[in-house]
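Q: what's the 3D shape of this:
(4 chains)
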Protein chains: 2
Amino acid sequence: MLQSFTLNKSSMANQKGVSLKEVADKAGVSTATVSRVINSKTVVKGETELRVQKVIKQLGYRPNRVAQRLRTTRGASKLIGLLIPDIQNPFYVDIIRGIEQYAYARNFAIVIGNFSQNEERQKFYIEILKSESVDAFIVAPFPGMNDYVKELVEEGYAVVCIDRGLANVDLDVVKVDNFQGAFNAVEHLIKVGHTRIAHISGNALIPTTMERISGYEAALNKYGIPIDREIVIGRNSDHQSGVELSARLLDIPNPPSAIFTSNNLLTLGALETIHTRGLKIPEQVAIVGFDDMYWSMSLNPPLTAVRQSGFEIGRITIELLHQRIADPARPYVSIVLKTELIVRNSCGYKLKMA
Amino acid sequence: MLQSFTLNKSSMANQKGVSLKEVADKAGVSTATVSRVINSKTVVKGETELRVQKVIKQLGYRPNRVAQRLRTTRGASKLIGLLIPDIQNPFYVDIIRGIEQYAYARNFAIVIGNFSQNEERQKFYIEILKSESVDAFIVAPFPGMNDYVKELVEEGYAVVCIDRGLANVDLDVVKVDNFQGAFNAVEHLIKVGHTRIAHISGNALIPTTMERISGYEAALNKYGIPIDREIVIGRNSDHQSGVELSARLLDIPNPPSAIFTSNNLLTLGALETIHTRGLKIPEQVAIVGFDDMYWSMSLNPPLTAVRQSGFEIGRITIELLHQRIADPARPYVSIVLKTELIVRNSCGYKLKMA
DNA sequence: TGTAAAAATGTAAACGTTTACATAATTAAC
DNA sequence: GTTAATTATGTAAACGTTTACATTTTTACA
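A: Next up, the predicted model:
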């Protein structure tokens, strides 16, 4: 005899979850009471609360975040929009990890918009995120975004800028001490004996880039080494620029003995060129890069690098956002984290003890 | 005389956007008509449509996606949940980039849950994403997730698995030919003269891992090389495992002359150990890894690797999801992409021409 | 010109919550 | 044992859309 098929599968299809109303009915209370239990707003009488809790467990009820978001005013929608310039850059990945960890711990969800260093796309994502009713924006702002981000603040969104601030706009910023980080890196090169030190920088319109250039110059100045503009070059903060600009540096008649690169993609690009040409590091050309990576020791030789903790930046960002939402009038702060120079073998040791 | 301050700034704070109703009022039509114009569902009379469009432009109206999502049934909420095992792994980053690019082009937003290879956290994210009313899930399922993911399918979500499928559950899968990829890598090692080839594999509970082991074994078999279980070892698919397992391999009395690593994090870990010990690649130990990276040429020597296109996986995934939403009854498919062996300098050349 | 059919638009309910306000139950004060 | 104050709960509107259904306008055809 044939077994009858259970139709569970198809009958379950497209069912929406348990609603608050169902919980209310089953517990014999009003929807308001259930809502109050969930949000533990007003005190609900012990007995009632227990009964409602039980039904919630029993039915496996979970509030629909979309309905919550629609109903509540900004600041309670528990959603954060995250605008990332380049998700291929491990530094931003670290930031994302930090943000994610602490955001979900506070019951915030995050929506990521990776705009690939493209201004149009960043604008596009801002519009999308607005229509998703986010509470807050986390932005690493790109040149040309000043007005857009300013608008966000004026419209009442909580906004935190990471990695760099915004000219003429007051807001919360979490970044690292780029000047000091660059200074330390270049000073290290000088101390191990280099005097002809090049710098490959990133997008000149980003404050971070300029701060690192300043740190580079300050270190040279301190040791009385003249700055040669021919070997301070920059374009974009990407891998290809690293490949090409390092080639340009190595092609000049009097090439540098060391290169300081302004971020990890530039570093990797420069390494590609150096290896392709069969140059020995650090003997023929030394290199120190801004941004450490968890696999810097997998490079050959292991890379000396300026470490900035993206994870920590993420953590603090969420903290700031949380405060801002709780108190929109709190004064703006700018948090500047220290960097750390991780010395490995890509710079040479000549005068290290000097 | 004192200028009066404009209060625009503060009065704009916390304002919500322009609503459909406002558009309707200003255009002198009903909300239904505006909605129809937006969704171009029913034909709206030319003149009316033009008028509405004009008001939309004028007011800068954008539909509130949250309200849309609340109202519509599943499949129209234009939100995709993405469960990523490890955002630090560049392969998944490529997938994310592919997904993102094509998702936003189709007006889908994505929410990423990076569960860091943690089963509990994967479950946690699934619950969150459900309460965000996503249309669909993209999952690289972890051991122990079978039932959970199965449930998603049964509940009517569109689900696509990436990188690996699920035992006993029918669904759409996008992956690469792991067997062939591994086979090619190992065959290459054999052709350049290696016979004692080790394999560092990943998490044994993930199908991908097993397929790569099979490919490894098949290549050895083809050339009559006996399989030595002592040099086929695995643990997790992370950097630290690569560091430690490669050390173990190099410590045995009769160490391998070549290592085939099962993913990019293991490769980087192994490289760290090899460089730390000052071993020359490929003379003292050769290495070929699964997963190419955009900076494989920045390694020294440049890495020979099996390339799988994460970006392409992402593209196809969105395509499949789109089809599934349009036609929930479409038969399940499993898409298997070819890999490509990128030969660089980490394996040696001895018998390459043979 | 009148009527039926087709096309365009409007009305109002619904999605799942939260919350101001109203009401009911309890406690406190006399 | 009243009444007032307090506490607990309920009622219903609102958030911004979409959509089934109802109504109005237009078109087609006799």
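Q: and stretch A:326-338, is it in reach of DNA strand C?
A: No. If you take C-beta under 7 Å from any atom of the strand as the test, stretch A:326-338 misses DNA strand C, and the best it gets is 14.4 Å. In this view, the C-beta of every residue, glycine as well, is placed from N, C-alpha and C.
Q: which residues touch that stretch?
A: Outside stretch A:326-338, the residues that touch it by C-beta atoms under 8 Å, 6 or more residues apart in numbering or on different chains are A:75, A:156, A:158, A:165, A:170-177, A:180, A:308-309, A:312-313, A:316, A:320, A:323-324, B:13.
Q: from residue A:261, how far off is the closest residue to residue A:264 other than its chain neighbours?
A: Distances taken as C-beta to C-beta, 6 or more residues apart in numbering or on different chains put residue A:291 closest to residue A:264, at 3.6 Å, once the chain neighbours are dropped. Distance of residue A:291 to residue A:261, computed by C-beta to C-beta, to the nearest Å: 9 Å.
Q: and for residue A:115?
A: For residue A:115 relative to residue A:261 (C-beta to C-beta), the value is 23 Å.
Q: over to residue A:279?
A: From residue A:279 to residue A:261 the distance is 15 Å (C-beta to C-beta).
Q: filter the contacts of stretch A:326-338 to the buried ones?
A: A:75, A:156, A:158, A:165, A:171-177, A:180, A:308-309, A:312-313, A:316, A:320, A:324 (16 or more other C-beta atoms under 10 Å in any protein chain shown).
Q: can you tell me which of those residues are up against chain B?
A: residue A:156 (C-beta under 8 Å from any C-beta of the partner chain).
Q: the buried ones among the contacts of stretch A:326-338 in helices, which ones?
A: A:180, A:312-313, A:316, A:320, A:324 (DSSP state H).
Q: need phi/psi at residue A:259.
A: phi -130, psi 130 (degrees, to the nearest 10).
Q: list the residues that contact it.
A: So residue A:259 contacts A:197-200, A:246, A:249, A:270, A:285-288 (C-beta under 8 Å, 6+ apart).
Q: the residues you listed: which two are farthest apart?
A: Largest separation among the contacts of residue A:259 by C-beta to C-beta: A:249 and A:288, giving 14.3 Å.
Q: just the strands in the stretch 251-354 of chain A please.
A: Secondary structure of the stretch 251-354 of chain A (DSSP state E, counting those that start in this stretch): strands located at A:258-261, A:286-290, A:304-307, A:334-337, A:340-342.
Q: hmm, back to that, same drill for residue A:291 and residue A:261, tell me which one is more crowded.
A: The neighbour comparison of residue A:291 against residue A:261 (other C-beta atoms under 10 Å in any protein chain shown) goes to residue A:261, with 31 against 25.
Q: so that one makes contact with residue A:202?
A: No. Taking C-beta atoms under 8 Å as the definition, residue A:261 is not a contact partner of residue A:202, at 9.1 Å.
Q: and the residue of the stretch 151-300 of chain A closest to DNA strand C?
A: With C-beta to the nearest atom of the strand, the shortest gap between the stretch 151-300 of chain A and DNA strand C falls at residue A:156, namely 16.0 Å.
Q: next one: that residue from DNA strand D, what distance?
A: Using C-beta to the nearest atom of the strand, to the nearest Å, residue A:156 is found at 13 Å from DNA strand D.
Q: hmm, the helix or strand hosting residue A:67 touching DNA strand C?
A: Residue A:67 belongs to helix A:65-71 when assigned by DSSP states H and E. Yes. Against DNA strand C, helix A:65-71 shows contacts by C-beta under 7 Å from any atom of the strand at A:67-68, A:70-71.
Q: now restrict those residues to buried residues only.
A: Counted by 16+ other C-beta under 10 Å, the residues of helix A:65-71 next to DNA strand C give A:67-68, A:70 as buried.
Q: just those now: which is nearest DNA strand C?
A: residue A:67 (3.4 Å).
Q: how close does the closest residue in space to the closest one that isn't next to it in sequence sit to residue A:102?
A: Spatially, and ignoring its direct neighbours in sequence, residue A:67 is nearest to residue B:70 (5.6 Å; C-beta to C-beta, 6+ apart). Separation of residue B:70 from residue A:102 (C-beta to C-beta) stands at 28 Å.
Q: cool, residue A:324 as well?
A: Using C-beta to C-beta, residue A:324 is found at 14 Å from residue A:102.
Q: how many neighbours does the closest residue to residue A:260 other than its chain neighbours have?
A: In this structure, residue A:260 finds its nearest non-sequential neighbour in residue A:199, 4.9 Å apart by C-beta to C-beta, 6+ apart. Residue A:199: 27 surrounding residues under other C-beta under 10 Å.
Q: I'd assumed residue A:230 was in contact with residue A:199.
A: No. The criterion here is C-beta under 8 Å, and residue A:199 misses it with residue A:230 at 11.1 Å.
Q: what about residue A:138, which helix or strand?
A: With DSSP H and E as criterion, residue A:138 is part of strand A:136-139.
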